[in-house]
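**Student:** Return atomic coordinates for the entry below.
(chains A and B)
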Amino acid sequence: MTGFRTPLGRARGMGASKHGVGHFIGQRVSAVALIFLVLWGVASALGLAAGGYADAVAWLQHPLNAALLALTIVAACYHMQLGMRVIIEDYIEQPGTKLALLVLNVFVAWGAGALALVSLLKVAVGGGAN
Amino acid sequence: MAEASPGVRPRPLSPFMIWRWHVTMAASILHRAAGVALYVGALILAGWAFALATGPDCYAAYKGLLGSIPGKVVLFGITVAVFFHLANGVRHLAWDLGQGFQPKTANATAVIAYAFAIAAAALVWAAAFAMGALA
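**Tutor:** Predicted structure coming up:
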């Protein structure tokens, strides 16, 4: 019977579906995580900028650094994908262009995330080229 | 916007129009601009990880690119964007908890976010200079 109901009727009969605020909550939870991760990241970047290739490899081979960098990458890619989505939805009116950009946004955000994650795992687990 | 039909008085515009530029408006749009800058920053970070995984030569070349004058300008801009987006993001989280909406508070926190962004970026780059990372 429920299959014949309109979305409004379904909502009236069963209350909210509890999925409507997924974007809102995801954006904020990743924001709270990124407060700490980004501060750690900036501090780490200072040390990495002062060092060279061998220093960077040694830094990434420490499990704590690798784990925190992995978390930073995942949280950042998720957060920026959600943020860019809102910008595209706000400013792009043409439906085809909007759809194409929304898909491109997901591909770029998670493409960069996958590249960064696999690269850091290669160094963290396999070590450098020396 | 559609033309008004003949004989119909033009409708009044919504008060979303900017009639006076304000610190809170600037903070709002700068939050977005900083977010876009950090999107680019994340791509630069992914490039760094890829260069490191590729090998010493690639890493040295990538680090040289980031250390060039244009590279430093971009990285400084991203540093400012990081700290502004962070401070203004905390402002947003406070709003989500129902705090800080009074005009005086909202103005003050916007100014604090600008000041924090500039001060923290200057501090980080001063530290980078002291550590010899800018050489």
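**Student:** CA only for contacts and neighbour counts going forward, please
**Tutor:** OK.
**Student:** Residue B:99: neighbouring residues, count only.
**Tutor:** Using other CA atoms under 10 Å in any protein chain shown, residue B:99 is surrounded by 13 other residues.
**Student:** what helix or strand is residue 57 on?
**Tutor:** No chain in the question, so chain A it is. Following DSSP states H and E, the helix or strand that holds residue A:57 is helix A:53-61.
**Student:** oops, I was thinking of chain B
**Tutor:** Using DSSP H and E, residue B:57 sits in helix B:56-67.
**Student:** Check which helices and strands the longest helix anywhere in chain A is in contact with.
**Tutor:** The single longest helix within chain A, with elements called by DSSP state H, is helix A:95-126. When contacts are defined as 3 or more CA pairs under 8 Å, 6 or more residues apart in numbering or on different chains; DSSP states H and E, helix A:95-126 packs onto helix A:53-61, helix A:63-91, helix B:23-54.
**Student:** Dump those helices into JSON lines; add mean pLDDT, mean neighbour count and distance to residue A:29 as well.
**Tutor:** Converted to JSON lines, those look like this (pLDDT from 0 to 100; neighbours: other CA atoms under 10 Å in any protein chain shown; distance: least, CA to CA, whole Å):
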{"stretch": "helix A:53-61", "mean pLDDT": "97", "mean neighbour count": "19", "distance to residue A:29": "26"}
{"stretch": "helix A:63-91", "mean pLDDT": "97", "mean neighbour count": "18", "distance to residue A:29": "9"}
{"stretch": "helix B:23-54", "mean pLDDT": "97", "mean neighbour count": "19", "distance to residue A:29": "16"}
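**Student:** need those in CSV with distance to residue B:84, can you?
**Tutor:** Formatted as CSV, the entries for the helices and strands packed on helix A:95-126 read as follows, by distance: least, CA to CA, whole Å:
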stretch, distance to residue B:84
helix A:53-61, 27
helix A:63-91, 15
helix B:23-54, 7
